[in-house]
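Visitor: Following is a predicted model, sequence given first.
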Amino acid sequence: MNLEEYKGVYVFAQQVDNCINSIAFELIGKGKDLAADLGTEVTAVLVGSDVKGLADELAEYGADKVIVVDDPELKEYRTEPYAHALASVIEKYKPEIFLVGATAIGRDLGPRVSARVHTGLTADCTVLEIGDFPINPIPGREQKHNQLLMTRPAFGGNTIATIACPDFRPQMATVRPGVMQKKDRVVGAKAVVEEFNPGFTPDHKYVEILEVVKAVSDTVDIMDAKILVSGGRGVGSAENFKLLEDLAEVLGATVSCSRAVVDAGWKSKDLQVGQTGKTVRPNVYFAIGISGAIQHLAGMEESDIIIAINKDETAPIFDAADYGIVGDLNKILPALTEKLKAEMANKN
Amino acid sequence: MKIVVCIKQVPDTKGGVKFNPDGTLDRAAMMTIMNPDDKAGLEAALRLKDQYGAEVTVITMGLPKAEDVLREAMAMGADKGILVTDRVLGGADTWATSQTLAGAIRNLEYDLIITGRQAIDGDTAQVGPQISEHLDIPVISYAQKIEIDGDSVVVERQYDDRYHVLKAKMPCLVTALAELNEPRYMTPGGIFDACNAEIIVWGRDKLVDVEDSNLGLKGSPTQIAKASDKVKKGAGEKVTLDPTESVDYIIGKLKEKHVI
């Protein structure tokens, strides 16, 4: 592998139902910073069926070039045709860096692609930067410059590791949604758009989609919420989440939950915060009846203000909270909701 | 039907994570468990065994002590346990790990391979899909339901706001979510049998179609540049007040921070 042949920062522009996922813009935003350090450009790879019209939106968020892989076989996400699309793009265009969102789709697709093109893949990165590897010079060992240094939490966020991929290209990472910043949208910005179709012939690795079942949900995505009222096992029952919903309504907040709540069947998976759920960074995060397992903290500790209510004064959530109240949520929440209603009424 | 289940022995983080004085993880002080997603995968395989009479082989790569997790799987009902262990396999990243497991699995007959979605120590969710790539078979990730339909497997694959019902011809690899099922307990008879059962131990020489350059630390494309303990945000205030005072306290803070 001649590493010098590999140029440019590429990002997978994930779309579902011909709607671009926010992670695509976040990756372009981070990709711009990395490309600036390397003196190169950002290319978005758009894969789907009838998706060419979405290229302009990627340009407006900063993509210099968009490669469109458009084929009827790519209508719904399936691992094999999508892996074939990305692996073919990598073989043809030889990118130096390839970023994929650490979404359900990206975490399925990334490993398959990296295994096909034989390169390393670092999962769930939260920091990406260009630097030297090894970071400090080691006598007798070559120090490589302009390497992608990929930082990720491990062990439920208790340790962090910085990973490099010095001898293989592209340097691949999946990136945690909600962590990287998008660039401001420049309406009317254009990118070079190139269509590429490597050919899609169904083989034994193509799976058949029998049915697509969408969960009926009218709730706001918890990753977009400014204030989250989040409940854990301590809430006690699905019915008792009413207390949190009432508080959320007064504050214009959204209700989320911990894994224990999903496991108990009280709330759906799309509301789950944490290592196996979503990473959130709201202005205010209410942790109500949440003990604060490390897997949960990994998904919310970047929140600006964390307010915890728990009756167990030894709960680990208090170590992460800015304001911790040891007390009974069943007594505090209704009173808080009433008082806030009065406060809001006075204000208006 | 023959099913291979890949399992991993991981430190149990439920009781909290323990640290050495220098801030690194004290793995020796932590209990080990069968990785939860893998255990759900094993349970799914055992249910197919109950239903169709499948033969279930569990396989793990690790240090010799990982034998314990194989015995646990056999006490739950797995028929065979294979430990892949060799000094040259140490320090493997997901590429080298998946190469190793694929090389071991090539010795076996299989219709279905089940892995957990991800292990709680690394959380990468890469090894399952990478094994499928090396073996050139389809993969279905995040299974929340697995059924057999003739020579095919029908799986509900979970996504954020939806799930797909997918059908793939076997052989196929499926990655399981812990939510898939409630794993069974080991039975006393099973524990007794598993204690006496033979664990098959394979080293490097048993791996089929794998080059040395793809194994262990040397075969790992990713390399650690730096590892450290996460700097914890300091704890804030903690108060114990009666409900009315608690409400005033919270509202005071929300005003102070201009939230309301």
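Guide: Sure thing, it's come through.

Visitor: mean confidence score for stretch B:206-216?
Guide: Across stretch B:206-216, the average pLDDT comes to 97.

Visitor: And for stretch A:266-279?
Guide: Averaging pLDDT along stretch A:266-279 gives 88.

Visitor: what about that stretch, start to end distance?
Guide: Here the two ends of stretch A:266-279 are set 20 Å apart, with distance taken as Cα to Cα, to the nearest Å.

Visitor: Likewise for stretch A:275-283?
Guide: By Cα to Cα, the extent of stretch A:275-283 from end to end equals 20 Å.

Visitor: so which strand or helix has residue B:45?
Guide: Using DSSP states H and E, the secondary-structure element containing residue B:45 is helix B:36-52.

Visitor: now do residue B:165
Guide: Element membership for residue B:165, per DSSP H and E: strand B:162-169.

Visitor: From the contact counts, what lies against the following helix or strand past that strand?
Guide: Where DSSP H and E defines the elements, the next helix or strand beyond strand B:162-169 is strand B:172-176. Other helices and strands packing on strand B:172-176, by 3 or more Cβ pairs under 8 Å, 6 or more residues apart in numbering or on different chains; DSSP states H and E, are helix B:36-52, strand B:112-116, helix B:127-135, strand B:139-149, strand B:152-158. (C-beta placed from N, C-alpha, C; glycine too.)

Visitor: List the buried residues of the helix holding residue B:45.
Guide: In terms of neighbour count (16 or more other Cβ atoms under 10 Å in any protein chain shown), helix B:36-52 has its buried residues at B:36-49.

Visitor: and if you look at stretch A:49-64?
Guide: Along stretch A:49-64, the positions that meet the burial threshold by neighbour count (16+ other Cβ under 10 Å) are A:51, A:54, A:55, A:56, A:57, A:58, A:59, A:60, A:61, A:62, A:63, A:64.

Visitor: again, but for stretch B:123-136
Guide: Across stretch B:123-136, burial judged by 16+ other Cβ under 10 Å covers B:123-135.

Visitor: Do I have it right that residue A:232 meets residue A:288?
Guide: Yes - if you go by Cβ atoms under 8 Å, residue A:232 and residue A:288 touch, sitting 6.9 Å apart.

Visitor: quick one, strands of the stretch 51-200 of chain A?
Guide: When secondary structure is read from DSSP state E, counting those that start in this stretch, the stretch 51-200 of chain A shows strands at A:65-70, A:97-101, A:121-125, A:127-133, A:144-154, A:159-164, A:171-175, A:192-195.

Visitor: any idea of the mean pLDDT in the fourth one?
Guide: When pLDDT is averaged over strand A:127-133, the result is 96.

Visitor: Stretch B:115-134 too?
Guide: On average, the pLDDT along stretch B:115-134 is 93.

Visitor: Report whether it contacts chain A.
Guide: Yes - looking at stretch B:115-134 against chain A by Cβ under 8 Å from any Cβ of the partner chain, the contacts come from B:120-130, B:132-134.

Visitor: same question, stretch B:101-114
Guide: No - judged by Cβ under 8 Å from any Cβ, stretch B:101-114 and chain A are separated, with a smallest distance of 9.4 Å.

Visitor: What lies in contact with that stretch?
Guide: Counting by Cβ atoms under 8 Å, 6 or more residues apart in numbering or on different chains, stretch B:101-114 makes contact with B:1-6, B:41-42, B:44-45, B:48, B:54, B:57, B:59, B:61, B:82, B:84, B:127, B:131-132, B:134-135, B:137, B:146, B:153, B:170-176, B:202, B:206-210, all of which sit outside it.

Visitor: among these, which ones are buried?
Guide: Buried subset of the contacts of stretch B:101-114 (neighbour count, 16+ other Cβ under 10 Å): B:1-6, B:41-42, B:44-45, B:48, B:54, B:57, B:59, B:61, B:82, B:84, B:127, B:131-132, B:134-135, B:137, B:146, B:153, B:170-176, B:202, B:207, B:210.
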